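In: build the 3D model from these lines:
(one chain, ligands or ions: 1)
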Amino acid sequence: MKNTAIFFCSLVLASCASTSTSTRAEADDFDIDEAIEYCNSQVHRSIRNLCTDSTDYSMIPRNIQGTDTMWACRKATPDEWCSGFWPGVLWYDYELTGDTLVREQARRYTGALEYLADRPIFDHDLGFLMLCSYGNGYRITADQRYKEVLLASADSLATLFNPAVGTMLSWPRNVEMFGGHNTIMDNMINLEVLFWASKNGGDHSLYDMAVKHAETTMNNHFRPDGTCFHVAVYDPADGHFIKGVTHQGYSDSSTWARGQAWAVYGYTMVYRETHDKRFLDFACKVTDAYLKRLPDDMVPYWDFDDPAIPEAPRDASAAGVVASALLELQEYVDEDKSEEYRHAAIEMLASLNSDAYRSGEKRCSFLDHSTGHHPAGSEIDASIIYADYYYLEALVRLKKLDEGHGALASL
Ligand code: GLY
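Out: Okay, here's the model as predicted:
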């Protein structure tokens, strides 16, 4: 691998001398090739542990908690929202390394999800499941079967769209609990499947639904300062907005870090797909609301408003999501803003790559210190597979930029 990234990052950071934080030295030293090699070695460690002649490929890594060193796996079922991330990690690793052993594992784990595309939908998470696995698989291999599965997934996701509201019903099982049609911020990510399908043989109405969902969410799901609720509840019949509440955050009036991260990533992607300046301006607004509340090391506490801060747990997964999004967003904004966002992304990656967040020898994940569902007491201060996914995605994007391509180009 070429080792030009340190030079690239130093140039970027030298041009941002007005920002002084305790992580500057780490960001200056960030070596992307070393970070990629570390991830690749952890992937191989996981594969050695997971894959034998009798491996059940429908059992997919989810988290590592406590003193465990290896992945706890869960069955790929419609209600297990994280099963697409490990295949996605393998596809990104293959994209970076060309390692055919990893590609074979990516194919096998991806195949375990195929049945999800053709059955009645469970919830919006079908997008996460299929985009990370089949989406990356198709992008990298152009396998026509992957395309068919993704198109079927998009049609299935579209059944959640309620035209009276103008958004997808994220959690059909929770209508009674929330008192209406619920849309969660995480759902923004899954619009990408609809956009993708509309460009790849699917109906144009999929594009219209995705745009409408993004507009309705922009109008209702945010506070004036650009921070978001986790859940927006609407009247399913006339579509009026009833209330904004939390599910995974500290309180209805707090800002759950990963929810805000989904907003940053989601509106960046919606701008890419629509070229509608309203969405770019909004992506910047929600990004700035996130950036200005970060602690010095650029990795958020799980909720920006937990009164236990600085003793509250962090969420490395939110940092990975935002770092990846910023490496795309910096391509769409003016020069000053671009430098600010690129600098922030590299600082986040440098921090995640430091001993404070790396799993290293003790676990076979890339990262420690993510928080899944704090109010439920679930996956607190753990390694979680989606943190690794978005971290590696960010490294892929930075590598492409380093080589003079766009963040989303083919390597
Ligand atoms: N989609 C669920 C989460 O972000 O935890």
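In: residue 101 - nearest residue in space that isn't next to it in sequence?
Out: Spatial nearest neighbour of residue 101, excluding adjacent residues (C-beta to C-beta, 6 or more residues apart in numbering): residue 47 at 7.3 Å. Placement of C-beta: from N, CA and C, glycine included.
In: and that neighbour, what element?
Out: helix 32-50 (DSSP states H and E).
In: next, the contact list for the residue of the stretch 201-350 of the chain found nearest the ligand, please.
Out: Using C-beta to the nearest ligand atom, residue 258 is the residue of the stretch 201-350 of the chain that sits closest to the ligand, at 4.8 Å. Taking C-beta atoms under 8 Å, 6 or more residues apart in numbering as the contact definition, residue 258 lies against 186, 248, 302, 315, 317-318, 321, 371.
In: tell me the pLDDT of it.
Out: Looking at residue 258, its pLDDT stands at 98.
In: that one in helix, strand or coil?
Out: Following DSSP: H, G, I helix; E, B strand; the rest coil, residue 258 is assigned to helix.
In: how about the residues of the stretch 1-150 of the chain by the ligand?
Out: residue 81 (C-beta under 6 Å from any ligand atom).
In: low-confidence ranges, the stretch 1-150 of the chain, go.
Out: 1-26 (pLDDT under 70).
In: in the stretch 251-400 of the chain, where is pLDDT below threshold?
Out: Answering for the stretch 251-400 of the chain: no residues sit below the bar, that is pLDDT under 70.
In: now the helices: where do they sit in it?
Out: 257-274, 277-291, 316-329, 335-352, 385-402 (DSSP state H, counting those that start in this stretch).
In: coming back round to it: quick one, what contacts the residue nearest to residue 101?
Out: 101-102, 105.
In: what's the burial count for the closest residue to the ligand within the chain?
Out: Closest contact between the chain and the ligand, by C-beta to the nearest ligand atom, is at residue 186 (3.8 Å). Per other C-beta atoms under 10 Å, the neighbour tally for residue 186 reads 25.
In: grab the nearest non-local neighbour of it.
Out: Nearest non-adjacent residue to residue 186 (C-beta to C-beta, 6+ apart): residue 262, at 4.9 Å.
In: quick check, the one you found in contact with residue 183.
Out: No - contact between residue 262 and residue 183 fails when scored by C-beta atoms under 8 Å: they sit 11.8 Å apart.
In: which one's more surrounded, those two?
Out: It is residue 183, of residue 262 and residue 183, that has more neighbours when counted by other C-beta under 10 Å, with 30 against 25.
In: next, count neighbours for the nearest residue to residue 379 once chain neighbours are set aside.
Out: Spatially, and ignoring its direct neighbours in sequence, residue 379 is nearest to residue 372 (2.9 Å; C-beta to C-beta, 6+ apart). Look at residue 372: counted by other C-beta under 10 Å, it has 23 neighbours.
In: ok, residue 372 to residue 332 distance?
Out: 31 Å (C-beta to C-beta, to the nearest Å).
In: three-state assignment of residue 55?
Out: Following three-state DSSP, we place residue 55 in the coil state.
In: dump the residue contacts of residue 137.
Out: Residues in contact with residue 137, defined by C-beta under 8 Å, 6+ apart, are 87, 91, 106-107, 110, 143, 146.
In: list only buried entries from those.
Out: 87, 91, 106-107, 110, 146 (16 or more other C-beta atoms under 10 Å).
In: in a markdown table, list those along with secondary structure.
Out: Shown next, in a markdown table, are the buried ones among the contacts of residue 137 (three-state DSSP):
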| residue | secondary structure |
| --- | --- |
| 87 | helix |
| 91 | helix |
| 106 | helix |
| 107 | helix |
| 110 | helix |
| 146 | helix |
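In: mind listing what's buried along stretch 228-236?
Out: Using 16+ other C-beta under 10 Å as the test for burial, stretch 228-236 gives 228-234.
In: quick check, that stretch touching the ligand?
Out: No - if you take C-beta under 6 Å from any ligand atom as the test, stretch 228-236 misses the ligand, and the best it gets is 9.0 Å.
In: CA atoms of that stretch as PDB?
Out: Extracted in PDB, the C-alpha atoms of stretch 228-236 (Å, rounded to 0.1, in the frame of the first residue of the first chain):
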ATOM      1  CA  CYS A 228     -33.100  15.800  16.800                       C
ATOM      2  CA  PHE A 229     -35.600  13.700  18.700                       C
ATOM      3  CA  HIS A 230     -35.100  10.000  18.400                       C
ATOM      4  CA  VAL A 231     -38.700   9.300  17.500                       C
ATOM      5  CA  ALA A 232     -41.300  11.400  15.800                       C
ATOM      6  CA  VAL A 233     -44.900  10.400  16.300                       C
ATOM      7  CA  TYR A 234     -47.600  11.200  13.700                       C
ATOM      8  CA  ASP A 235     -51.300  10.700  13.300                       C
ATOM      9  CA  PRO A 236     -51.500   7.900  10.700                       C
END
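In: ok, back up a step: what are the buried residues along the helix holding residue 47?
Out: Neighbour-count burial for helix 32-50 [16+ other C-beta under 10 Å]: 32-33, 35-36, 38-40, 42-47, 50.
In: any idea which helix or strand comes after it?
Out: strand 59-64.
In: helices or strands next to that next one in the packing?
Out: With contacts taken as 3 or more C-beta pairs under 8 Å, 6 or more residues apart in numbering; DSSP states H and E, strand 59-64 sits against strand 72-75, helix 85-97, strand 383-384, helix 385-402.
In: those: which one's closest to residue 121?
Out: For residue 121, the closest of these is strand 72-75, at 18.1 Å, according to C-beta to C-beta.
In: how about the helices in the stretch 51-200 of the chain?
Out: Under DSSP H, counting those that start in this stretch, the stretch 51-200 of the chain gives helices at 85-97, 100-111, 126-130, 136-141, 144-158, 175-178, 187-199.
In: for the residue of the chain closest to the ligand, what are its contacts?
Out: By C-beta under 8 Å, 6+ apart, the neighbours of residue 186 are 124-125, 128, 170, 258-259, 262.
In: chain neighbours aside, what residue packs nearest to residue 111?
Out: Residue 111 sits nearest to residue 57 (C-beta to C-beta, 6+ apart), 6.9 Å away.
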